[in-house]
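Undergrad: need the 3D shape of this:
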Amino acid sequence: MLVYEVLDKLQQAIEDYPPEEQPQRFGNKAFRRWFTWLQENAIEICSTIFHDHGTTDFTDPPISYTEAVNEVSGYLVESFGNSTRIDYGTGHELAFLAFLTCLFKLNILKKQTDSDASTINDLLAVGLVIMPKYLVLVRLLQTTYRMEPAGSHGVWCLDDFQFVPFIWGSSQLIGSQYDPTVIRDRNIVELEKDKYLLFSCIAYIHHCKTGPFEEHSHTLYGISEVPKWEKVNSGLIKMYKGEVLEKFPVVQHFLFGSLLSFDKVQNNKPLGIGINVGGGFSQRGSIPSNIDPFVKPISPTIQQSNEHGEKS
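TA: The predicted structure is shown next:
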């Protein structure tokens, strides 16, 4: 089973758990039944991924099959929201990155190792195929079950729910015919939303919010005034570190194991807070340093693919 097929399976399961009639406007309780189904089936789903790729024995890194399945399935479950609060945010998106990172570490997903264009490059597929499919799924969850954004900063946030697609999407636009001012052009955004990841995100914002763009998406409007996509991309990566990876309320729930291990911070630099965590961190509060090396490589990979497409 491919990762794309897994996401498709999870999307189809939503039909089995239609929204309940309830007085509350937000947080439809039917999401908890869908989430319970995911919890009950996650290990089987991940086992199928392993078996379909002929991967049941791991030596690099050395980890037992059972341990690998348990860890990977744990990240998969955490990737789609919180069943208690019925909300979704960048912490859940981060868990999905962890899920993908583990598949790369286990060599189930593979980076392109040579210049042969015919070689499958899963790193590229993650940005241009898997992430768009993931967005379709989580957006359907958000709208079907009226999920609330977890930790949104309102008009000052980049997006109520997502962050990473903006990083990879801005990379995809480097070398394209468009400059950042096009972010404000709703017609072009709508026309190109199926081709460009960033435009897909902005089109979804227009679908969900009303009123002037500069009012409901102040940060994105500001980004449209940056002269080059390279600057936008590097700025978003820095913003992601500061607003997600270094924020305790986000990473306090992050899971650690053998694949993504907990490494104690040497300088005891406090995370960006909202909660006073004192001088040190628990294992649920350190920056998941394994993720950052995964986020950054995909941006230039997508950029290179886009430049190749422009030349061909």
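
Undergrad: show me the shaky parts of the stretch 151-300 of the chain.
TA: In the predicted model of the stretch 151-300 of the chain, residues 152-156, 265-300 satisfy pLDDT under 70.

Undergrad: helices along that one, start to end?
TA: Using DSSP state H, counting those that start in this stretch, the helices assigned to the stretch 151-300 of the chain run over residues 164-172, 186-192, 197-208, 213-216, 218-223, 229-240, 248-251, 292-311.

Undergrad: next, Glu148: phi, psi?
TA: Backbone torsions of Glu148, given as degrees, to the nearest 10, read phi -90, psi 150.

Undergrad: which residue is nearest the centroid of the chain?
TA: Glu93 (3.6 Å; Cα atoms, centre = their mean).

Undergrad: in a helix, that residue, correct?
TA: Yes - counting by DSSP: H, G, I helix; E, B strand; the rest coil, Glu93 falls inside a helix.

Undergrad: partners of Pro87 in the sheet?
TA: If you look again at residue 87, you'll see it is Asp, not Pro. Asn82, Glu148 (DSSP bridges).

Undergrad: coming back round to it: so the residue nearest to the centre of the chain makes contact with Gln162?
TA: Yes - using Cβ atoms under 8 Å, Glu93 is in contact with Gln162, at 6.0 Å. Glycine gets a C-beta too; all of them are placed from N, C-alpha and C.

Undergrad: joint contacts of these two?
TA: By Cβ atoms under 8 Å, 6 or more residues apart in numbering, Glu93 and Gln162 have these common neighbours: Val138.

Undergrad: so what's the residue count around Pro180?
TA: Neighbourhood size, Pro180 [other Cβ atoms under 10 Å]: 19.

Undergrad: no no, Thr66
TA: 10.

Undergrad: list of residues touching the longest helix anywhere in the chain?
TA: Secondary structure of the chain per DSSP state H: the longest helix is helix 30-52. With contact meaning Cβ under 8 Å, 6+ apart, helix 30-52 is reached by 1-3, 6, 9-10, 13-14, 16-20, 56, 65, 68-70, 72-74, 76-77, 80-81, 83, 86, 103, 106, 108, 141, 144-145, 147.
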